[in-house]
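# make a model of this:
(chains A, B and C)
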Amino acid sequence: MNPKHFAVLGLMIAFLLAPVAACAADAASERNRMVFQVNEDDSRKWNTVLANINNVQEELGRVEVAVVVIGPGLGMLKADALTANKVQDAMSAGVRFVACGNSMTAQKLVKDDMIDGIAYAKAGYVEIMRLQQQGWTYIRP
Amino acid sequence: MNPKHFAVLGLMIAFLLAPVAACAADAASERNRMVFQVNEDDSRKWNTVLANINNVQEELGRVEVAVVVIGPGLGMLKADALTANKVQDAMSAGVRFVACGNSMTAQKLVKDDMIDGIAYAKAGYVEIMRLQQQGWTYIRP
Amino acid sequence: MNPKHFAVLGLMIAFLLAPVAACAADAASERNRMVFQVNEDDSRKWNTVLANINNVQEELGRVEVAVVVIGPGLGMLKADALTANKVQDAMSAGVRFVACGNSMTAQKLVKDDMIDGIAYAKAGYVEIMRLQQQGWTYIRP
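Residues are numbered from 1 along each chain as shown, chains lettered A, B, ... in the order given. Below you'll find the predicted structure:
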């Protein structure tokens, strides 16, 4: 093989390596990312989930956490919820809270009713699907 | 490298490409596919899930949806259920409903008791596992 | 290409094959592995889950099953639980039961209160995340 042949071979291998690298990256992307789903109108459940997240953060150190709140669970994210302070503490600790927009419409809730700084998705389950597709671990407490 | 050597190299690369392609296909197969699990004997829950699916279909356009119904949830798929019409509408819109055969046996239900056109699995959880293994997103409302 | 060139090419291909093989193994690792999550203080639920697992094992023959028990679900794994015998039968059939350590602390439970031979994790949800990351299918009855 002369240098020119090596160049051709190099290009071929580079072409091969792209998907391999993507694939390896995919496997390696086992970052710790958890998406919790909350559906219940139950403040005990909300407190439990917030405590669980605390425990998970303490144990793992590096972990990304999202909480997608759907239907009757929305009470957890209302500005006047008893859990509002704890939710804000969790946000300060990096947790992302996402309210389901369809559920808000159904319950005639607007953003002003909700805790400042939370995120919104059109459909909560679509958000959960997208996170799972990106490799997040699904947790349904 | 003469032509013969290129042929050998080509074969080697083809051999390499097969798994790479499969792997890339795997990553690319992020089609939108959601499997919902229903366990509760609760017609409000059934209506909510059917509304959720509607929302998801409207938002995404292209999405495959399956609903696996287990244990006390089976009431949702009975021919005389209040939700029967909505279930049939969802089927017309492409949603696949699967009843757990073990749960049917336990409740002495036969196919004649159920909505026409639904599917059956021996164990609902095995069906859910297979769908997840094929890349479907698991949703537990 | 002389033998030396083939050796160089061989090395390059071996270098390529490592991640490909890992990736293929990943796709092929569709072994049947299911992790069930139990959160409820409800002996009917416990019995149902144990029956489900039985059905799954009968249908699949080869399947690995873990049950992660969290919060109020812990009653299922107490030495004096009505389900203790069935849990022990399931363990004999290869099922691995894991109690959430944080939940135990919160309920002032110690290992002596629990069924012999079960496993313990610090946080049940972290255990579930790790199993999902390893390809286990998540089931939330």
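# report the central residue of chain A.
A:Ala66 (3.6 Å; Cα atoms, centre = their mean).
# you'd agree that residue is up against A:Phe36?
Yes. A:Ala66 lies in contact with A:Phe36 (Cβ atoms under 8 Å); the separation is 7.2 Å. Yep, even glycine has a C-beta here, placed from its N, CA and C like the rest.
# so how far is chain B from A:Leu122?
No, residue A:122 isn't Leu; it's Lys. Taking Cβ to the nearest Cβ, to the nearest Å as the criterion, A:Lys122 is separated from chain B by 5 Å.
# what of A:Val87?
Counting by Cβ to the nearest Cβ - A:Val87 and chain B are separated by 22 Å.
# which residues in chain A form strands?
A:33-38, A:64-69, A:96-100, A:119-121, A:137-139 (DSSP state E).
# average pLDDT for the second one?
Along strand A:64-69, the predicted confidence averages to a pLDDT of 98.
# before we move on, what about the first one?
Within the predicted structure, the mean pLDDT of strand A:33-38 is 98.
# next: the fourth one.
Throughout strand A:119-121, pLDDT has a mean value of 98.
# strand partners (parallel or antiparallel) of it?
strand A:96-100 (parallel) (DSSP bridges).
# got the strands of chain A as a markdown table, with distance to C:Ala81 columns?
What follows is those, written out as a markdown table (distance: least, Cβ to Cβ, whole Å):
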| stretch | distance to C:Ala81 |
| --- | --- |
| strand A:33-38 | 27 |
| strand A:64-69 | 31 |
| strand A:96-100 | 36 |
| strand A:119-121 | 40 |
| strand A:137-139 | 25 |
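# thinking again about what came up before, quick one: the residue nearest to the centre of chain A from chain C, how far?
13 Å.
# so what's that residue up against?
Applying Cβ atoms under 8 Å, 6 or more residues apart in numbering or on different chains to A:Ala66 gives the contacts A:Arg33, A:Met34, A:Val35, A:Phe36, A:Val95, A:Arg96, A:Phe97, A:Val98, A:Leu131, A:Trp136.
# repeat that for A:Gly94.
Counting by Cβ under 8 Å, 6+ apart, A:Gly94 has contacts A:Gln57, A:Glu64, A:Val65.
# excluding chain neighbours, what is closest to A:Gly101?
A:Lys122 (4.7 Å; Cβ to Cβ, 6 or more residues apart in numbering or on different chains).
# typed the wrong thing, it's A:Ser43
Closest to A:Ser43 by Cβ to Cβ, 6+ apart is A:Leu82, at 5.8 Å.
# ok, A:Pro141 next?
A:Val49 (5.2 Å).
# burial count for the one you found?
For A:Val49, the count of nearby residues is 25 (other Cβ atoms under 10 Å in any protein chain shown).
# assess the claim that it and A:Val65 are in contact.
No. The criterion here is Cβ under 8 Å, and A:Val49 misses it with A:Val65 at 10.2 Å.
# what do these two both touch?
In contact with both A:Val49 and A:Val65: A:Phe36, using Cβ under 8 Å, 6+ apart.
# measure stretch A:105-115 end to end?
16 Å (Cα to Cα, to the nearest Å).
# run the chain-centre distance for it.
In terms of Cα atoms, centre = their mean, to the nearest Å, the centre of stretch A:105-115 is found 21 Å from the chain centre.
# and if you look at stretch A:134-141?
Put simply, stretch A:134-141 sits 8 Å off its chain's centre (Cα atoms, centre = their mean).
# same thing with stretch A:50-57?
With Cα atoms, centre = their mean, you get 14 Å for stretch A:50-57.
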